[in-house]
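Enquirer: coords below, sequence missing:
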């Protein structure tokens, strides 16, 4: 490959002959300026006396062989790039300028635009977006001090609607029943808050947040009961049940496992059913999120898993329900069977008494 000199490109033999025969001053001045510019450009390209390209120039050889061209900025080292990414991830509030300043303190000179380019390549967003905490990240981080509450309804067989308000601790999944009523009002909800506030305050690590929706029954007086004891009240957005997902999920669980399988007669019946299930949920029901599996623990220790009816005792949530027949209890459709009938207990006592009498009679004959 050969490169012609600027004069050889711009001047042909006919033009040179024409210029000698009939000189034109205006055209010569313009041509001189163009040639001067081309000479400056051609000066940057190494050529020999014959107009050929000098291929043994050090810069051209280095660029051709993939080496570093003299005068170019060196690439950022892998260690510096890793340090920039680490600083950004461990300090979400630091921007490009702040990271550049911290590197300067370590005697690492680098431009802010280079820091920005490295973070963009690593998929790290700018500091304001990086430092903002989502609701999903906030809840697990603060779960040890968060309590959630909500109302849910239960319809009886007589087509009456009952209202229950429950609280749940996010860290331990402990559920507390505040009250049950057929006519919920703001004053009633405030009184239930006064009754249960001591549960979340009188402890080594008191609760710090209370989450509830924008129900009209949860008035400002209800919130003031918790604020007076240092608990901050957080209202969820409008029509956003996922913002209070823990209590919403528990309400769905109590419906599927208990209330959908029992016909509630009245408020007194519900006051016996709901506390029994809550006791079962707090003490015996396994929670995968808490790694609490009592049955697997009992198997490792060689113990027989205890049934819910045995753990809850004789008085269970099915007691008093007119819909719980013996066949349904035997089939296990209801997790909390009703207690034994009085006739069965009398029959058992009579058999034990006959056994004792027969043993005494046999011992007297001998």
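Expert: Now that the structure is in, tell me what you want to look at. Note that the structure is a prediction, hence the values are computed from the model and not measured.
Enquirer: phi, psi of residue 161?
Expert: phi -110, psi 130 (degrees, to the nearest 10).
Enquirer: Test my guess that it contacts residue 152.
Expert: No: the pair residue 161 / residue 152 is not scored as a contact, 10.8 Å apart, by CB atoms under 8 Å. Every C-beta, even on glycine, is put in place using the N, C-alpha and C of the backbone.
Enquirer: Neighbour count for the two, which is higher?
Expert: Higher neighbour count among residue 161 and residue 152: residue 152, with 17 against 10, using other CB atoms under 10 Å.
Enquirer: per-residue confidence for the more buried one?
Expert: Looking at residue 152, its pLDDT is 96.
Enquirer: next one: the one 4 residues further on
Expert: Predicted confidence (pLDDT) for residue 156: 95.
Enquirer: Check the gap between the residue lying closest to it once chain neighbours are set aside and residue 249 for me.
Expert: The spatial neighbour of residue 156 that comes closest, neighbours along the chain excluded (CB to CB, 6 or more residues apart in numbering), is residue 264 at 4.9 Å. For residue 264, the distance to residue 249 (CB to CB, to the nearest Å) stands at 21 Å.
Enquirer: so where's the stretch 101-250 of the chain uncertain?
Expert: Applying pLDDT under 70 to the stretch 101-250 of the chain flags residues 129-137, 139.
Enquirer: I figured the residue nearest to residue 156 was touching residue 273, is that so?
Expert: Yes: taking CB under 8 Å as the definition, residue 264 is a contact partner of residue 273 at 6.7 Å.
Enquirer: quick revisit: which one's more surrounded, residue 264 and residue 249?
Expert: Neighbour count, other CB under 10 Å: between residue 264 and residue 249, residue 264 has more, with 22 against 12.
Enquirer: Check the secondary structure at the more buried one for me.
Expert: Counting by DSSP: H, G, I helix; E, B strand; the rest coil, the backbone at residue 264 sits in coil.
Enquirer: With residue 253 as the reference, measure out to it.
Expert: According to CB to CB, residue 264 stands 17 Å off from residue 253.
Enquirer: so what's the residue nearest to residue 156 up against?
Expert: With contact set as CB atoms under 8 Å, 6 or more residues apart in numbering, residue 264 has these partners: 154, 155, 156, 157, 162, 270, 273, 321.
Enquirer: mind giving me TSV with those residues and columns for distance to residue 229 and secondary structure?
Expert: Converted to TSV, these look like this (distance: CB to CB, whole Å; DSSP: H, G, I helix; E, B strand; the rest coil):
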residue	distance to residue 229	secondary structure
154	30	strand
155	35	strand
156	35	coil
157	40	coil
162	29	strand
270	29	helix
273	31	helix
321	38	coil
